[in-house]
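In: Coordinates for the following, if possible.
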Amino acid sequence: MTLHTKFRALGASVAAALMVASTASAMELRAWNIHVEDYPNSIALESFAAEVAEKTGGDVTVKLFHNGVLGNQPDAIEQVRLGILDMGQFNLGPMGQSIPETNVVSLPFIFPSIPKMYELMDGDVGDAISAGMEDKGMRALAWYDSGARSFYNSVRPINSPDDVEGLKLRVMSNNLFVGMVEALDGNATPMAFGEVYQSIKTGVVDGAENNPPSYHSVNHYEVAQYYSLTEHLIIPECVCISNAAWDKLTAEQQEIVKTAARNSAEEQRTLWQAREAASMEAVQAGGVTVNTIDDKGPFQEKMAVVYDGFLAENPDLSDLVNLIRNAN
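Out: The predicted structure follows:
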């Protein structure tokens, strides 16, 4: 073998080794998302993935699985906690069973408004909740908006707590939400979201509670045409990463991923607000009676029993609850 040939062979070997090293250092993060591709959250996640790939030069990529194709939300949360899945975009409501700190934002009327929620979640409150999540195997990179949930029903407008009395209302399967309706002298009925339309139509329940895009997109407005803006729950969502995946990133990559997530949150919030406004316009065009509630004080006063029960069971979370309440 000539010297020239030896150098060519050595060069090829070095190039191959560099290619293998580059491939070995590249990381693909698999991310769960319950929403369809054209939903505000999904669009923002696509922007997040694009920014991560660009800023890391392709060394870190995010493969998004929309529409819940990797399983339901509670299972996906556990898989991220255990490091089986790398990432997820989750509502904090279903996290309460395994991460107590996340239950704080499910307390009724804990946030007085969406802008205040942004402020607190982007600051000390969000940091405290993320710290609780880290103890359980994941961390929050950014906080998404999921609007304010309000009551809707087929019987009457709700202007005061007295108007809730006797109404059969579907709620998510969480003791806090059951307690909320019971504190208003209503009948709370936990059931799967997919069963709500038919249950209202047939009178099994009188109504439910949700944000405007959900109320509109699944056609609940067709069978429950009184939508009362109690805005009793403002539950943010998170872009979360498993501790296992986070620890595999370099410090520089971690900063890129975190910044991309926060940039995507800004986009998601803007898209969400536009989607919410369009949904409100659509349901009103469909004949829905929408009423605002100027004084939510009487509703909030009824929630004292819910807060007392929660803090009795979770005394270690009283500082976090007070941090939010005092900021209001």
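In: contacts, neighbours, all on C-alpha from now
Out: OK.
In: could you list every residue that touches the closest residue in space to Val164 that isn't next to it in sequence?
Out: Residue nearest to Val164 in three dimensions, not counting chain neighbours: Gly186, with 5.5 Å by CA to CA, 6 or more residues apart in numbering. The neighbourhood of Gly186, defined by CA atoms under 8 Å, 6 or more residues apart in numbering, consists of Val164, Glu165, Gly166, Leu167, Lys168, Leu169.
In: out of these, which are buried?
Out: Among the contacts of Gly186, those classed as buried by neighbour count (16 or more other CA atoms under 10 Å) are Val164, Glu165, Leu167, Lys168, Leu169.
In: Export the residues you listed as JSON lines, with columns for distance to Ala50, pLDDT and secondary structure.
Out: Converted to JSON lines, the buried ones among the contacts of Gly186 look like this (distance: CA to CA, whole Å; pLDDT from 0 to 100; DSSP: H, G, I helix; E, B strand; the rest coil):
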{"residue": "Val164", "distance to Ala50": "46", "pLDDT": "98", "secondary structure": "helix"}
{"residue": "Glu165", "distance to Ala50": "49", "pLDDT": "97", "secondary structure": "coil"}
{"residue": "Leu167", "distance to Ala50": "47", "pLDDT": "98", "secondary structure": "coil"}
{"residue": "Lys168", "distance to Ala50": "45", "pLDDT": "98", "secondary structure": "strand"}
{"residue": "Leu169", "distance to Ala50": "41", "pLDDT": "98", "secondary structure": "strand"}
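In: Now render those residues as TSV, adding distance to Trp246.
Out: Putting the buried ones among the contacts of Gly186 into TSV (distance: CA to CA, whole Å) gives the following:
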residue	distance to Trp246
Val164	46
Glu165	48
Leu167	46
Lys168	44
Leu169	41
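In: Tell me the buried residues in stretch 133-140?
Out: Residues of stretch 133-140 classed as buried under the neighbour-count rule (16+ other CA under 10 Å) are Met133, Glu134, Lys136, Gly137, Met138, Arg139, Ala140.
In: So which residues make contact with that stretch?
Out: Applying CA under 8 Å, 6+ apart, the contact partners of stretch 133-140 are 80-83, 98-99, 101-102, 130-131, 238-244.
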